[in-house]
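Engineer: the sequence isn't on hand, but the structure is:
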């Protein structure tokens, strides 16, 4: 029973979230500002997702490793009709506390949809010209901080090196949930 | 030693088991706390998982509940329901390590969480069982190896970890476990040492306890023996104390009444009895009478005392009667249950139960019974019985001593009065002899119509009364000389009947009841008449308004020695003469002084107080006893007991003749009192005798030696230089055929033993009349000569017998 439990737990934590269609070029209609001098790293997160705490921690580590050279923005999903308190969680505060990180509300996940972000902790890296250089998660599994391929790839890119990977699975709660479904329906 | 080793092992096991159970208890709580902590942590960190605005319970919460519960439940349940078992602690060890694994996983392989493993191993070391650490270490090792290979991020927080990292972790576990094992070994060793010490201590304690038990048993036995000894000593002390106290009382008490009052109080006080009664044997009435009664200070026993006083017991009736009958102590556990105890009312009112009675013995005769009563039911106590029997003997000796003292006192009193009477009688009788004698001579010489005749008769009568008074004085003091003869009391009373009727008067009816086959007694007939007359006069005085006087005789047999008023009657055959009246009777107080000289109830001038004393003296001198039975207002009975004799009746020598006998024989009169001597010489010469006289015995002997032998020597008994008795002996030694007539008013036992004239002596009592003198002289002269006159007594014996 304990083994089965551990197995279920392992499967849950290693199960990556869904990923939408992410534009390879910076979408024009987005409110997210592109830094045209430096790389721009955008993370989409669900403010209530406990798994994304590991992503924020990894973001902090990542920024420490790359010593700047990147503009970082974290966009927290804010459904319509929800107050700000819903988004101003400890996760928001942790992200906001990281030097060089700007935190924004993403009302109804409109920006997330533009960038194809469907799972909390989804990270995108665009160069100053608006070209997508990396997309995916920066944790090894759901809710687990620590060394991971996504973080290593970003650090390499920021160091001017060619990474082994340009895309990694993302682990976290569903970012938009039914909102995503309604979005997809409306898109169709 | 084997016992100590076994006990050491047992103690070690017990201690270890206690530790294991304690560790089970500790882990049961720890694991529950860990589970709750994990659940709390999951609820805090990741309570829900989200999908947009929708959320559900996070898997971590379910993992905390279910997986944590699964890991925790089995060990905890085993710890609760199966503590101390090997399986339990192994399951606990595995569960605890799985909990470590889960925590490590849930914390993303945080290195800090690995400390839970080390902490858990340290806590598992509480079991002091190396096998537990092995089990736990194995789980850790396998977990790290498997997860390190398959899912390193779960255990180390990294995407990939080399295999050596798992071994490194295992190495640290081994490192800790090694020291924990050393610690366990040391601890077990110390536990063993403690157990061994405790086993030795217990063995020592057991040995000491056994020694203490043995010593305690010995001490208890010694205490028991000491208690028994103390009890025995207490009993002995109580016995001695009581006997000593009784002895002191008996030594200082002037009378048995006072003695018994104090003795009862003392015995009851020391021996815890609530009441005591002294029952005095009244052999005359054949009952026990309440002599003294004592009770403790309570109203109930006072009632008992009042009710007890008038009670009497016949032989074999009631407790005292039984003791009297059998002469043995008797114990009654509870008199209320004893049907043969007649004083139910008295004992009920006194609230009395236990009773004990013991006899007061003089030899084999029971003179009294002491009865002790208690408010408690009391079982028989042999020691007490023995002690009180001793006291009974002490009291018996006391009573005997008092009887002898009384007898001695009475004897001394009698001796004193007798000496006084004797001293008076000697000279007084001489005077009375002279007065009476000359009156006789004067009456013979004076013409019948001489006016002096009347005067001389009165003088003569007064002299006679004075002589009778002197005789009474001698009689009660038993100093008179009795001249006993074999008598029949029926005849003696019949001879007196006429005179008695005159004496008692017409108001009193005299009746006689004679035993037809009455035996004979040997007594002085004159004295017996005196006794009967005295008693008849007393009876008359006790019946001033008339009444009935009964004189009866009977043969009686006294079957055992009996004591009364210091007199003892030996067992044997007696003749009883009873003189009864239905007059006013006497109280006990009067009875107790009845026979004392000069004691009278008749008032001044009406009685001399010598009558009953005289009777008593005469009867006692005759070897008998006189006893009185009287109740106030019921009358009085005097019973005279005289020893029966089988001898034949003596011939009645009573011959009265008006003419004085004459003779011509030669007579020597020896008398130191000139007046008496002159009188005797004159009377005898008037009657024709050849008379010579002498004033003392020496002169008389000289006259006998010089002259022809006298045919009769008339000599006084009490004379200075040589007594008449010695003179008689001298004469008989020189002239065995001589005849001697002794005369005296008081002989001072010179001629008699206990007042009874020695066999064979001829004796003339002063005061005598001319007739008495001449008749006695004639009788002696007419008697035949003795055959072998070698001694005065033998001569005279033959002389009298002839």
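Structural biologist: Okay, I see it. Computed from a predicted model, the values in this text were never measured in an experiment.

Engineer: and for residue 163, the neighbour number?
Structural biologist: Since you didn't name a chain, this refers to chain A. 20 (other C-beta atoms under 10 Å in any protein chain shown). All C-beta spots, glycine's among them, are computed from the backbone N, C-alpha and C.

Engineer: the chain in question should be chain B.
Structural biologist: Applying other C-beta under 10 Å, we find 12 residues neighbouring residue B:163.

Engineer: distance of it relative to residue B:152?
Structural biologist: Separation of residue B:163 from residue B:152 (C-beta to C-beta, to the nearest Å): 10 Å.

Engineer: likewise for residue B:56?
Structural biologist: Taking C-beta to C-beta, one finds residue B:56 at 29 Å from residue B:152.

Engineer: compare the two (neighbour count), which wins?
Structural biologist: A side-by-side neighbour count of residue B:56 and residue B:152, using other C-beta under 10 Å, places residue B:152 first with 23 against 12.

Engineer: give me every residue that touches the more buried one.
Structural biologist: Residue B:152 makes contacts with B:109, B:158-161, B:165, as judged by C-beta atoms under 8 Å, 6 or more residues apart in numbering or on different chains.

Engineer: can you select the buried ones from those residues in PyMOL?
Structural biologist: Buried subset of the contacts of residue B:152, written as a PyMOL selection, criterion 16 or more other C-beta atoms under 10 Å in any protein chain shown:
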select buried, chain B and resi 109+158+159+161+165
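
Engineer: contacts with chain A among the contacts of residue B:152, please.
Structural biologist: B:109, B:158-159 (C-beta under 8 Å from any C-beta of the partner chain).

Engineer: for residue B:30, which non-adjacent residue is closest in space?
Structural biologist: Leaving aside its chain neighbours, residue B:30 sits nearest to residue B:123 (7.0 Å; criterion: C-beta to C-beta, 6 or more residues apart in numbering or on different chains).

Engineer: tell me how many other residues crowd that neighbour.
Structural biologist: By other C-beta under 10 Å, the residues close to residue B:123 number 17.

Engineer: let me know the pLDDT of it.
Structural biologist: Per-residue confidence at residue B:123 stands at 93 (pLDDT).

Engineer: tabulate the ones next to chain A among the contacts of residue B:152 (a markdown table), appending distance to residue A:4, pLDDT and secondary structure.
Structural biologist: Rendered in a markdown table, the data for the ones next to chain A among the contacts of residue B:152 read as follows (distance: C-beta to C-beta, whole Å; pLDDT from 0 to 100; DSSP: H, G, I helix; E, B strand; the rest coil):
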| residue | distance to residue A:4 | pLDDT | secondary structure |
| --- | --- | --- | --- |
| B:109 | 21 | 82 | coil |
| B:158 | 25 | 77 | coil |
| B:159 | 24 | 73 | coil |
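
Engineer: any idea which of the residues you listed is closest to residue B:304?
Structural biologist: Closest approach to residue B:304 among the ones next to chain A among the contacts of residue B:152 (C-beta to C-beta): residue B:109, at 109.2 Å.

Engineer: got the confidence number for the nearest residue to residue B:770 once chain neighbours are set aside?
Structural biologist: Leaving aside its sequence neighbours, residue B:770 sits nearest to residue B:440 (C-beta to C-beta, 6+ apart; 3.9 Å). The model reports residue B:440 with a pLDDT of 84.

Engineer: how about residue B:422?
Structural biologist: 71.

Engineer: also residue A:107?
Structural biologist: pLDDT, residue A:107: 92.

Engineer: any idea how far chain B is from it?
Structural biologist: For residue A:107, the distance to chain B equals 13 Å [C-beta to the nearest C-beta, to the nearest Å].

Engineer: residue A:135 now?
Structural biologist: For residue A:135, the distance to chain B - C-beta to the nearest C-beta - is 19 Å.

Engineer: who is that residue paired with across the strands?
Structural biologist: residue A:124, residue A:167 (DSSP bridges).

Engineer: contacts only, for it.
Structural biologist: If you count contacts by C-beta under 8 Å, 6+ apart, residue A:135 has them with A:19, A:22, A:122-125, A:166-167.

Engineer: can you do 10 Å?
Structural biologist: Contacts for residue A:135 (C-beta atoms under 10 Å, 6 or more residues apart in numbering or on different chains) come out as A:19, A:22, A:24, A:42, A:115-117, A:122-126, A:150, A:153, A:166-168, A:170.

Engineer: just the buried ones among those, please.
Structural biologist: The neighbour count (16+ other C-beta under 10 Å) marks A:19, A:22, A:42, A:115-117, A:122-126, A:150, A:153, A:166-168, A:170 as buried among the contacts of residue A:135.

Engineer: off-centre distance for stretch B:635-655?
Structural biologist: 44 Å (C-alpha atoms, centre = their mean, to the nearest Å).

Engineer: which parts of that stretch are buried?
Structural biologist: Buried residues in stretch B:635-655, counting neighbours by 16+ other C-beta under 10 Å, are found at B:635-645.

Engineer: in TSV: those, plus secondary structure and pLDDT.
Structural biologist: TSV is the format used below for the buried residues of stretch B:635-655 (DSSP: H, G, I helix; E, B strand; the rest coil; pLDDT from 0 to 100):
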residue	secondary structure	pLDDT
B:635	strand	88
B:636	strand	91
B:637	strand	92
B:638	strand	91
B:639	strand	91
B:640	strand	92
B:641	strand	91
B:642	strand	92
B:643	strand	92
B:644	strand	92
B:645	strand	90
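
Engineer: is residue 72 within a helix or a strand, and which one?
Structural biologist: No chain specified, so I'll use chain A. Taking DSSP states H and E as the criterion, the element that holds residue A:72 is strand A:70-78.

Engineer: meant chain B actually
Structural biologist: Using DSSP H and E, residue B:72 falls within helix B:68-81.

Engineer: so does that helix get close to chain A?
Structural biologist: Yes: contact between helix B:68-81 and chain A is present through B:68-71, B:73-74 (criterion: C-beta under 10 Å from any C-beta of the partner chain).

Engineer: out of those residues, who's nearest chain A?
Structural biologist: The nearest member of the residues of helix B:68-81 next to chain A to chain A, counting by C-beta to the nearest C-beta, is residue B:70 at 4.9 Å.

Engineer: quick one: contacts for the closest one?
Structural biologist: Taking C-beta under 10 Å, 6+ apart, we find residue B:70 in contact with A:1-5, B:35, B:63, B:95, B:98, B:102.

Engineer: name the residues of stretch B:459-476 that are buried.
Structural biologist: Applying 16+ other C-beta under 10 Å to stretch B:459-476 flags B:459-460, B:463-464, B:466-467, B:469-476 as buried.

Engineer: check contacts around the residue in the stretch 601-750 of chain B positioned nearest to chain A.
Structural biologist: The minimum distance from the stretch 601-750 of chain B to chain A, using C-beta to the nearest C-beta, falls at residue B:631 (122.7 Å). Applying C-beta under 10 Å, 6+ apart to residue B:631 gives the contacts B:585-588, B:591, B:637.

Engineer: can we see that at 7 Å?
Structural biologist: Residue B:631 makes contact with residue B:585, according to C-beta atoms under 7 Å, 6 or more residues apart in numbering or on different chains.

Engineer: hang on, the earlier thing: show me which of the contacts of residue B:70 is closest to residue B:47.
Structural biologist: Of all the contacts of residue B:70, residue B:63 has the smallest distance to residue B:47: 12.6 Å, by C-beta to C-beta.
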